[in-house]
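Colleague: need a 3D model of the following:
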Amino acid sequence: MREWRVLSTERKQVNDAVLLLGATGSVGESSLKAIQALNKKLKAFSFHQNISKALEIIRDFQPEIIIATDYESFQKIKSQVKIKILYGIEGILETLRDSDITCVINALTGMSGLVPSIESLRMNKRLIIANKESIVAGSRLLFQEQLYENQILPIDSEHWSLFLLLQNIKRERVKKAVLTASGGPFRTFSDEQMKKIALEDALKHPVWNMGKKITISSASMANKGLEVLEAKELFGFQMSEIDVKIEPQAKIHALVQFPDGSYAAHISPPSMVLPVKNALLFPQMSLENWNLSNDTIQFEDADFKKFPMLALAYESGEKGHFHQIVYTVSNDLAVDAFLDKKIQFKDIPLLTENNLGKMIERSVSRVEDIFEIEKEIQQITEKYIRE
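Modeller: Numbers count the residues shown, from 1 in each chain. Okay, here's the model as predicted:
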C-alpha cells in the first residue's frame, strides 16, 4: 500500500450512522442493499433528479436528512416529505458536520464528488468511495486530509480486490498489479463495426447493471483507464506495474503477480454489494458463501488499438497528475456529449486526445486549481464539438 500520512494508527470503528451520496444511482442501490443487510443506520442521503426513487428510500430507510443536488428536484420534494431537506454542495457540507455520521459512501459520478470526498476526510469520516474521479484528479488533496490508516476504502470491485490482496501480501513482493475487465459490449467487434456504434448499443453492458454515464465509459474502456489511474494513486504503483486483462465472466476482479511470475487472485461474484458490506464492516468481513463449481475463467489481452481511451489513460498516467485531470474531465464531457447525441462514439477518444494536446500543464495545489482546469477544458470541448 501507499505510505499514508498517518496521524493516528487507531482503526476507526464505524457505527450505524451513514451518509450515502448518490443514493439513487446503481452504486447507491448496491450500497442501500448492504446497509439494509447489515442493519446500519442511513442517517442521510443525497439524490439528483430521481424523486420517485428518493421517496422510496425515505419510506424504506427513514433517514433524518436528505440532500437534493438538483434545484428543481429540491423544490418539488419539499412539499412531499416532513424530514429535513437541504440543497446542493452546501447541504452536503452541512450534513458532514453532523458528529453522529462517521461513515460517508461517495457514489457520486464525475467531478461533483471531489469536494465531498475532501471534506469527509477533513471532518474525520471514513470515506467509502466509488467516485474514481475524486481519486484520479484529486489524489494529492485527498491524501493531505487523510487522518488515519485505511480512512479511504475503495469499493470498485477491482480496487477492493487489490486492497484485500495487499492487506495480506507485502507490497515489495508484488511485481505487477492486474486489473480485469469484462471487455464490454464491443469486445468482439471488428474495426468496421467500431465505427458505427449507436447510443443504444453502448448502453448494453453484458455483465454490470450501471448508470448511463459509467456504462458508456465502460463500453469505451475509459472507465478501465480511470481504474488504472486510480490503482496508481491508491496503491503507489508505477504505470509500468499495472496490467489490464480481459476476463469476460467478471469473476476475477484483480490479481497480483510475484517476482517468480506466479499470481494471486481475488475471486468473487460480479456485485458491488459485497465490497460495500465489507467496507462498512472493515476490519471485519461479511460472512458469505459462493460456490465455484462449474465456473470457467478465461483471459485475453486488452486491445489498446480498438479501445484508445485505455491507451490515453496510460499516457496520461505516465505524464502525471495534470494530464490525469485533463483525461478525467475530458472523458466526462465526451460521455455527456455522446449521450446528448452531439458526437459519435468514435469521437470520445478523439475529443479526449484533442484536449490533452491543447491544455498547457501547470501546477495543482488547491481544489480551485482543479475546477479552473475543468472550466478551461469545458471551453475547449465546446469548441471541438462546434467545429
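Colleague: the stretch 201-350 of the chain: strands as residue ranges?
Modeller: Using DSSP state E, counting those that start in this stretch, the strands of the stretch 201-350 of the chain run over 242-246, 252-257, 263-267, 300-301.
Colleague: got the angle between the third one and strand 252-257?
Modeller: Relative orientation of strand 263-267 versus strand 252-257 (axes from the mean of the first three to the mean of the last three CA atoms, to 10 degrees): 160 degrees.
Colleague: which of the residues in strand 263-267 are buried?
Modeller: Residues Ala265, His266 are the ones in strand 263-267 that count as buried (16 or more other CB atoms under 10 Å). C-beta here means a position set from N, CA and C on the backbone, and glycine is covered the same way.
Colleague: neighbouring strands of that strand in the sheet, and parallel or not?
Modeller: strand 252-257 (antiparallel) (DSSP bridges).
Colleague: the first one now?
Modeller: The pairing partners recorded for strand 242-246 under DSSP bridges are strand 176-181 (parallel), strand 300-301 (antiparallel).
Colleague: mean confidence for stretch 77-93?
Modeller: For stretch 77-93, mean pLDDT rounds to 96.
Colleague: of the strands paired with strand 242-246, flag the one that's most buried.
Modeller: The highest mean neighbour count among the strands paired with strand 242-246, using mean count of other CB atoms under 10 Å, belongs to strand 176-181: a mean of 24.
Colleague: any chance you could list what contacts it?
Modeller: The contact list for strand 176-181 (CB atoms under 8 Å, 6 or more residues apart in numbering) reads 158, 162, 221, 224, 227-228, 231, 235, 237, 241-247, 250, 252-257, 263, 299, 302.
Colleague: mind doing that once more with 6 Å?
Modeller: The contact list for strand 176-181 (CB atoms under 6 Å, 6 or more residues apart in numbering) reads 158, 162, 224, 227, 231, 237, 241-247, 252-257.
Colleague: now list the buried members of these.
Modeller: 158, 162, 224, 227, 231, 237, 241-242, 244-247, 252-257.
Colleague: roughly how far does the residue lying farthest from the centre of the chain sit from Tyr327?
Modeller: In the chain, the residue that sits farthest from the middle, by CA atoms, centre = their mean, is Ser79; the gap is 33.0 Å. Distance, Ser79 to Tyr327, by CB to CB, to the nearest Å: 42 Å.
Colleague: repeat that for Gln238.
Modeller: 17 Å.
Colleague: same drill for the two, tell me which one is more crowded.
Modeller: Between Gln238 and Tyr327, Tyr327 has the larger neighbour count (other CB atoms under 10 Å), namely 28 against 10.
Colleague: surely the more buried one and Gly317 touch.
Modeller: No - counting by CB atoms under 6 Å, Tyr327 stays clear of Gly317, with 8.4 Å between them.
Colleague: can you tell me how far the nearest residue to Gln257 once chain neighbours are set aside is from Ser240?
Modeller: In this structure, Gln257 finds its nearest non-sequential neighbour in Lys176, 4.3 Å apart by CB to CB, 6 or more residues apart in numbering. Using CB to CB, Lys176 is found at 8 Å from Ser240.
Colleague: ok, now Phe322?
Modeller: Between Phe322 and Ser240 the computed distance is 20 Å (CB to CB).
Colleague: burial count for the residue nearest to Met239 when sequence neighbours are not counted?
Modeller: Excluding its sequence neighbours, the residue lying closest to Met239 (CB to CB, 6+ apart) is Gly317, at 4.4 Å. Gly317 has 24 neighbouring residues, counting by other CB under 10 Å.
Colleague: next up, the contacts around Gly317.
Modeller: Gly317 sits next to Leu229, Lys232, Met239 when contact means CB under 6 Å, 6+ apart.
Colleague: tally of neighbours for the second one?
Modeller: When you say that, I think you mean Lys232. Lys232: 24 neighbours (other CB under 10 Å).
Colleague: where does the prediction get shaky in this protein?
Modeller: Scanning the chain for pLDDT under 70 picks out the ranges 1-16, 208-209.
Colleague: give me that answer again for 50
Modeller: By pLDDT under 50, the low-scoring segments of the chain are 1-14.
Colleague: quick one: contacts for Glu133?
Modeller: Glu133 neighbours (CB under 6 Å, 6+ apart): Gly110, Met111, Thr328.
Colleague: give me the element it is part of.
Modeller: Glu133 belongs to helix 132-145 when elements are defined using DSSP states H and E.
Colleague: could you point out which element follows that helix?
Modeller: Next along from helix 132-145, by DSSP H and E: strand 152-154.
Colleague: what packs against that following strand?
Modeller: strand 126-129 (3 or more CB pairs under 6 Å, 6 or more residues apart in numbering; DSSP states H and E).
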